[in-house]
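Enquirer: no sequence on this one, just coordinates:
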């Protein structure tokens, strides 16, 4: 595959897959991963950005949350963390969550619920699914690829797209843990986080616990290529169990650098200011 191809999958199929089925999905802009509608609706419903994952080094990084819905493995694996075998359960998508003041804390991607013989809920848990944000321009290479889909597609345009793990955690994952996760913790309900292993590896090392004591189960998935059908398949590669407070403390606080290095930086800036403006000495004297 060309080194400068940022696109790994388009409308559910690897760019290397030139089967009739792959062509059919591309031509009709379909999503094979249980989107709300048969068509892909990513970014724009009438002009979808049909990229499921991007190439980054040797990794295929999932950018679309719908990609995690393959065969609904994420639901089954989450339920196995929360309840023993034989439990009756189902999933409810996009459930609105409010705080004590009636203010919205956002929607929970999935709430899995267990129920008894009469259909009454006996327990529930949350599932949050997080793809990775992209920095750079992904639409331009996507549009160029769609003009002439080919395994030899190469992209040398400006603003080359790449995964933005930092924004994915700070702007999305951590706020979800703070607001929605805090509510579920107060209710003493289990939480499940579904992300890709490459994303998890960019987070601080979380203190782990055993399954029975865990508040949160981190389900780490990857895409594995199968030559038999020319498809990438979602595979659970690891599960990390953590307690809520310990994990939250680790992800919201950054390990500080040396204070001497920061003071040195400030001193350099101050020296530069004084050399350019001698009056700075008396500009802000306290009275």
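Expert: Happy to help now that I have it. Since the structure is predicted, the reported quantities are computational estimates derived from the model, not experimental observations.
Enquirer: tally of neighbours for residue 272?
Expert: 10 (other Cβ atoms under 10 Å). The way it works is simple: take the backbone N, C-alpha and C, and place the C-beta from them, glycine included.
Enquirer: Same check on residue 47?
Expert: With other Cβ under 10 Å as criterion, residue 47 counts 10.
Enquirer: same thing with the one 4 residues further on?
Expert: The burial metric for residue 51, expressed as a neighbour count using other Cβ under 10 Å, is 26.
Enquirer: what's the answer for residue 209, then?
Expert: With other Cβ under 10 Å as criterion, residue 209 counts 16.
Enquirer: Now do the contacts for it.
Expert: 241-243, 246 (Cβ atoms under 8 Å, 6 or more residues apart in numbering).
Enquirer: What count of nearby residues applies to residue 217?
Expert: With other Cβ under 10 Å as criterion, residue 217 counts 22.
Enquirer: SS state for it?
Expert: strand (DSSP: H, G, I helix; E, B strand; the rest coil).
Enquirer: Assign the closest residue to it other than its chain neighbours to helix, strand or coil.
Expert: Once flanking residues are discounted, residue 217 sits nearest to residue 81: 4.3 Å by Cβ to Cβ, 6 or more residues apart in numbering. Classification of residue 81 by three-state DSSP places it in helix.
Enquirer: Residue 81: neighbour count?
Expert: 19.
Enquirer: Same check on residue 97?
Expert: Counted with other Cβ under 10 Å, residue 97 comes out at 15.
Enquirer: would it count as being in a strand?
Expert: Yes. Counting by three-state DSSP, residue 97 is part of a strand.
Enquirer: pLDDT value on it, please?
Expert: pLDDT, residue 97: 90.
Enquirer: Which neighbouring elements make contact with whatever helix or strand residue 270 lives in?
Expert: Here residue 270 is covered by helix 259-276, with elements defined by DSSP states H and E. The helices and strands touching helix 259-276, judged by 3 or more Cβ pairs under 8 Å, 6 or more residues apart in numbering; DSSP states H and E, are helix 280-283.
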